[in-house]
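> have a look at this prediction, sequence included:
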Amino acid sequence: MDKQSTPVLSEAELTELATTALTGLGLDRTDAAAAARVLTLAEMFGLSTHGVGRIESYGERLQINGINPRPSITVEQVALALVRVDGDNGVGPLVGMRALEAAMAAAATTGVALALARGSNHFGPVSPYSHIAAEAGFASLIGSNATTTIAPWGGSEARLGNSPCGFGFPNPGGDPIILDMAISVAARAKIRNAAKAGQPIPDTWATDRLGRPTTDPNAALDGFLLPIGGHKGYGLALVVDLLAGLLSGAAYLTHVKSWVDAPEEPQNLGHYFLLIDTRRLGTPDWLSGRMEDFAHILHSTPPADPKSPVLVPGEIENRNLARARREGIAVDHGLLDKLQELAARAPRP
């Protein structure tokens, strides 16, 4: 392979490398594999800002004891369909996976279940969890609270996070419908990337610290993110935090610690996983037929721009996933070197 070409890894190779890198940061291998599954899926979906590159930032906090590498995660079933998970300040994707597994186990018994997690950290994007749930036959509503980046509607100080959330609906024999979004118009990661590239941002993404719309990414990073839909987005962000933060027993609003400003302190983030066992509602053929018809109605909509046909949520991610499984995943040289460096620290089996 040419030294200048971008390295390409298979799903198995990237999962193994991510697992070993997390093990090199102190995680138990079983826990590392659970977290790596989420981050590798994110990478394959094309969500590189929330993929295996996050291992480096997680590692910075793991190395100063801001995250617990060996958490004792507990699962408490407080009712037949209600589970509470304490992540013991573990790596977010690990806590997320354990909460998702608990929710799936409960929903398989009761038909519908809710898992509320506390004591967690940044858990990656929502779509990997939704996809894993959908593959197992569960429809899902999933979300997390986050570090404060948004001012309450009409306010001039950040008091709530961008509340990443989403949903997934299985399609037996086909691609699930999945939505993964933040309540902010754009994620801070996109603004940071624009700042690194020296590029302006749309003035609808964020304000400066005085609450004025800005196209300067650096001013935006010092200011506030704007919610989607104005006051309606503000309300949606609060719903996510009420579920993920307040009801779970986690931190909420300004009680959430910033992993940038206080990396050595536990964030105590919260997540929620509401699952519906669609297998209780009908046969796989029944659900598949309805899902295919649902997607067809949307796809057959005459597009406003003939070059841009109507898409179903998750369609781009599903295409990226299929391509990654077929052609491999391109990994930047710098990231690959960092992951290999961390993996070299892992204890020998």
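That came through fine. Numbers count the residues shown, from 1 in each chain.

> give me the low-pLDDT residue ranges for this protein?
Scanning the chain for pLDDT under 70 picks out 1-4.

> state which helix of it is the longest.
For the chain, the longest helix by residue count, based on DSSP state H, is helix 92-110.

> quick one, helices of the stretch 101-250 of the chain?
127-135, 188-197, 217-221, 231-241 (DSSP state H, counting those that start in this stretch).

> pick the most buried one from these.
helix 127-135 (a mean of 25; mean count of other Cβ atoms under 10 Å). For every residue, glycine as well, the C-beta is placed using N, CA and C.

> check which helices and strands it sits against.
helix 29-45, helix 92-110, strand 138-144, strand 165-169, strand 177-181, strand 269-277, helix 315-327 (3 or more Cβ pairs under 8 Å, 6 or more residues apart in numbering; DSSP states H and E).

> and the angle from the second one to helix 127-135?
Spelled out, it's helix 92-110. If you take axes from the mean of the first three to the mean of the last three Cα atoms, to 10 degrees, helix 92-110 sits at 20 degrees to helix 127-135.

> now helix 92-110 against strand 138-144, angle please.
Helix 92-110 runs at 140 degrees relative to strand 138-144, counting by the same axes, to 10 degrees.

> what angle do helix 92-110 and strand 269-277 make?
Angle, helix 92-110 to strand 269-277, by the same axes, to 10 degrees: 30 degrees.

> for helix 92-110, enumerate the helices and strands it packs against.
Packing partners of helix 92-110 (3+ Cβ pairs under 8 Å, 6+ apart): helix 29-45, strand 74-79, strand 82-86, strand 112-120, helix 127-135, strand 138-144, strand 269-277.

> which ones are touching residue 248?
Residue 248 sits next to 84, 116, 117, 118, 270, 271, 272 when contact means Cβ atoms under 8 Å, 6 or more residues apart in numbering.

> skipping adjacent residues, who's closest to the residue minimising distance to the centre of the chain in space?
By Cα atoms, centre = their mean, the chain has its centre lying nearest to residue 125, at 1.3 Å. Distances taken as Cβ to Cβ, 6 or more residues apart in numbering put residue 50 closest to residue 125, at 4.3 Å, once the chain neighbours are dropped.

> can you give me the neighbour number for that neighbour?
The burial count assigned to residue 50 is 24, neighbours taken as other Cβ atoms under 10 Å.

> could you export the helices and strands packed on helix 92-110 as CSV, including distance to residue 102?
What follows is these, written out as CSV (distance: least, Cβ to Cβ, whole Å):
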stretch, distance to residue 102
helix 29-45, 12
strand 74-79, 5
strand 82-86, 5
strand 112-120, 5
helix 127-135, 12
strand 138-144, 12
strand 269-277, 8
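
> still on that earlier bit, relative to residue 295, which of the contacts of residue 248 is nearest.
If you rank the contacts of residue 248 by distance to residue 295 using Cβ to Cβ, residue 272 comes first, at 26.7 Å.

> which residue, other than its chain neighbours, is closest to the closest one?
residue 243 is the one closest to residue 272 (Cβ to Cβ, 6+ apart), at 4.5 Å.

> how much space between the one you found and residue 255?
Applying Cβ to Cβ, to the nearest Å, the value for residue 243 to residue 255 is 15 Å.

> tell me which residues of stretch 109-122 are tucked away?
For stretch 109-122, the neighbour count (16 or more other Cβ atoms under 10 Å) marks 111, 112, 113, 114, 115, 116, 117, 118, 119, 120, 121, 122 as buried.

> same thing with stretch 250-267?
250, 251, 252, 253, 256, 257, 259, 263, 266, 267.

> for the fourth one, what are its contacts?
For residue 253, the contact set (Cβ under 8 Å, 6+ apart) comprises 148, 159, 160, 241, 245.

> tell me if I'm right that the first one and residue 162 touch.
No: contact between residue 148 and residue 162 fails when scored by Cβ atoms under 8 Å: they sit 9.3 Å apart.

> looking at the two, which is more packed in?
For residue 148 and residue 162, the more surrounded residue by other Cβ under 10 Å is residue 162, and the numbers stand at 27 against 20.

> partners of the residue lying closest to that one once chain neighbours are set aside in the sheet?
Distances taken as Cβ to Cβ, 6+ apart put residue 184 closest to residue 162, at 3.7 Å, once the chain neighbours are dropped. Beta-bridge pairing for residue 184 (DSSP bridges): residue 227.
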